[in-house]
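**Q** what's the 3D shape of this:
(one chain, ligands or ions: 2)
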Amino acid sequence: MVESFPQVSMYLMPTVLATLLLTLLIHSRIGILGGVMMTVISGFLSGFSVDLLLATLMASLATAFLAYRVRKRSHFLRIGLGIGCTYFLVIAGFQLTQSTPWRDALQLGFLGFLNALLIAVTSYLMLPVLEHFFDVVTDVTLLELSDLNHPLMRKMMVEAPGTYHHSLVVSSLAENACERIGANALLAKVGCYFHDIGKLEKPQFFTENQGYLYMNQHDDLPPRVSFEIIINHVRDGVRIARKYRLRRAVVDFIREHQGTGVVYYFFKKAMDMAAPSDRVRADDFRYPGPKPQTRETAVALLADSAEAATRSLQELTPETIRQLVRKIINDKFIDGQLDECELTLRDLHKIQSSFVRNMTAMFHTRMKYPTVDRPLSAPDIFGADQFSKFRADE
Ligand SMILES: [Fe+2]
Ligand SMILES: [Fe+2]
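**A** Numbering: from 1, shown residues only. Ligands and ions are numbered 1, 2, ... in the order given. Now for the predicted structure:
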């Protein structure tokens, strides 16, 4: 009987919980390190029971492997079953080799399986609390945020459609580039979705939204006032993000995506309007910053500038796109915008080629198709005759 074993409760020790949470919150390598430490601790507590030591170690390795790329909360069931099977096989298998009656061996193995299920349920419940407490973001939460049905994204789609489209393109560019340089592509994708939410405050003042929905609002404003409105989208974005309880890692994209860059359009307008005695300085037309602190936010800054600049291109060809991307990255580098992140020159080359490939695929498909003149007698559902027919039917 199971009761005859002195350390039955040892089989229910949640030793693998540490591995699971460390893997989810930080990294699988840290999770494995935690697993090794917990194996040693469980060894001391169980009087170095070989099956428990083996089971804890193997279950920790299985946990780090299974939890490495958790993308949905439903994956916790899979993790629980995976760890449970590992526990069961190691404990029951070891006991059977020790001539333990098979019934007792299976019961101990089942305790290990139960332990794993409890660990999966506990981690499922604890994860959101720990994320909030330590202000970190896991892939599970990022994937939930990447749903375009988020209220902020829906609001942006309706009230600032130009910004919405811009954000999707920037997101796609940043995601691919981050994948190329081995940075967190999912974080970059989600961060870029939200990077310009501050524009929701005054969407009509941003060029991408002007034309169809809104007229240009800057014509009658002094350049300094226009500049203040433009740079405030960063401050407003941070405020909106906090209101919607976005994680710090996402808010960093809002705060850092413009760096301390110059708003050249209004700087130039101010110079054009200035009296000869006036001194207009570029530094007076800079975003307040901070500069990007991580590789992901730096890639977002570059993708944001590159996408915005393509709108001024008269001719979108692979060559013009390539030249533009090189110039943008070069200018940002020389302006010191990448000084505080860990991007290397090798990374910049990879980012450049990733942007060019993606932007060429996105924008260079607008080729002219050959057309065949339609005979006048051909039917046209939108033709004047058809309209008069419908009107006659009404
Ligand atoms: Fe922006
Ligand atoms: Fe942007």
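**Q** When you work out contacts or count neighbours from here on, use the C-alpha atoms and nothing else.
**A** OK.
**Q** How about residue 115, nearest residue that isn't a chain neighbour?
**A** Nearest residue to residue 115 in three dimensions, chain neighbours excluded: residue 12, at 5.0 Å (C-alpha to C-alpha, 6 or more residues apart in numbering).
**Q** how near is that neighbour to residue 109?
**A** According to C-alpha to C-alpha, to the nearest Å, residue 12 stands 11 Å off from residue 109.
**Q** Repeat that for residue 94.
**A** To residue 109, residue 94 is 10 Å away according to C-alpha to C-alpha.
**Q** Pick out whichever of the two has more residues nearby.
**A** Neighbour totals were compared for residue 94 and residue 109, and residue 109 leads with 26 against 19 (other C-alpha atoms under 10 Å).
**Q** If we ignore the residues flanking it in sequence, what's nearest that one?
**A** Leaving aside its sequence neighbours, residue 109 sits nearest to residue 88 (C-alpha to C-alpha, 6+ apart; 4.1 Å).
**Q** looking at it, the one you found is touching residue 110, isn't it?
**A** Yes: Residue 88 is in contact with residue 110 according to C-alpha atoms under 8 Å; the separation is 5.9 Å.
**Q** okay, these two: which has more neighbours?
**A** More crowded of residue 88 and residue 110, by other C-alpha under 10 Å: residue 88, with 26 against 20.
**Q** To which secondary structure element is the more buried one assigned?
**A** helix 75-97 (DSSP states H and E).
**Q** So in this protein, which helix runs the longest?
**A** helix 102-134 (DSSP state H).
**Q** show me where pLDDT drops low in this structure?
**A** Scanning the chain for pLDDT under 70 picks out the ranges 1-8, 212-214, 364-376, 380-394.
**Q** got the domain boundaries for it?
**A** The chain breaks down by automatic domain parsing into domains covering 2-134, 140-363.
**Q** Distance from the shortest one to the middle of the chain?
**A** Looking back up the chat, that one is domain 2-134. 30 Å (C-alpha atoms, centre = their mean, to the nearest Å).
**Q** what does the last one give?
**A** Domain 140-363 sits 15 Å away from the centroid of its parent chain (C-alpha atoms, centre = their mean).
**Q** what's the span of that domain from first residue to last?
**A** End-to-end distance for domain 140-363: 32 Å, by C-alpha to C-alpha.
**Q** So which residues lie in contact with stretch 208-217, not counting its own?
**A** Residues outside stretch 208-217 that contact it (C-alpha atoms under 8 Å, 6 or more residues apart in numbering): 160, 161, 162, 163, 166, 203, 204, 205, 207.
**Q** ok, now which ones touch the first one?
**A** By C-alpha under 8 Å, 6+ apart, residue 160 lies in contact with 199, 200, 203, 204, 209.
**Q** okay, now the fourth one: neighbour count?
**A** Same thing as residue 204. By other C-alpha under 10 Å, neighbour count at residue 204 equals 20.
**Q** Excluding chain neighbours, give the residue nearest to residue 119 in space.
**A** Counting by C-alpha to C-alpha, 6+ apart, the residue nearest residue 119 is residue 17, at 5.7 Å.
**Q** So which bits of the helix or strand where the one you found lies are buried?
**A** Remark: residue 17 resides in helix 16-25, with elements defined by DSSP H and E. For helix 16-25, a neighbour-count test (16 or more other C-alpha atoms under 10 Å) marks 16, 17, 18, 19, 20, 21, 22, 23, 24, 25 as buried.
**Q** Likewise for stretch 217-237?
**A** Quick answer for stretch 217-237 (16+ other C-alpha under 10 Å): 218, 223, 226, 227, 229, 230, 231, 232, 233, 234, 236, 237.
**Q** Next: stretch 123-135.
**A** By neighbour count on 16+ other C-alpha under 10 Å, the buried set for stretch 123-135 is 123, 124, 127, 131.
**Q** same deal with stretch 250-265?
**A** For stretch 250-265, a neighbour-count test (16+ other C-alpha under 10 Å) marks 250-263 as buried.
**Q** These in helices, which ones?
**A** Among those, the members falling in helices (DSSP H) are 250, 251, 252, 253, 254, 255, 256.
**Q** Tell me which other helices or strands the strand or helix carrying residue 177 touches.
**A** Taking DSSP H and E as the definition, one finds residue 177 inside helix 161-181. When contacts are defined as 3 or more C-alpha pairs under 8 Å, 6 or more residues apart in numbering; DSSP states H and E, helix 161-181 packs onto helix 151-159, helix 185-194, helix 295-310, helix 345-363.
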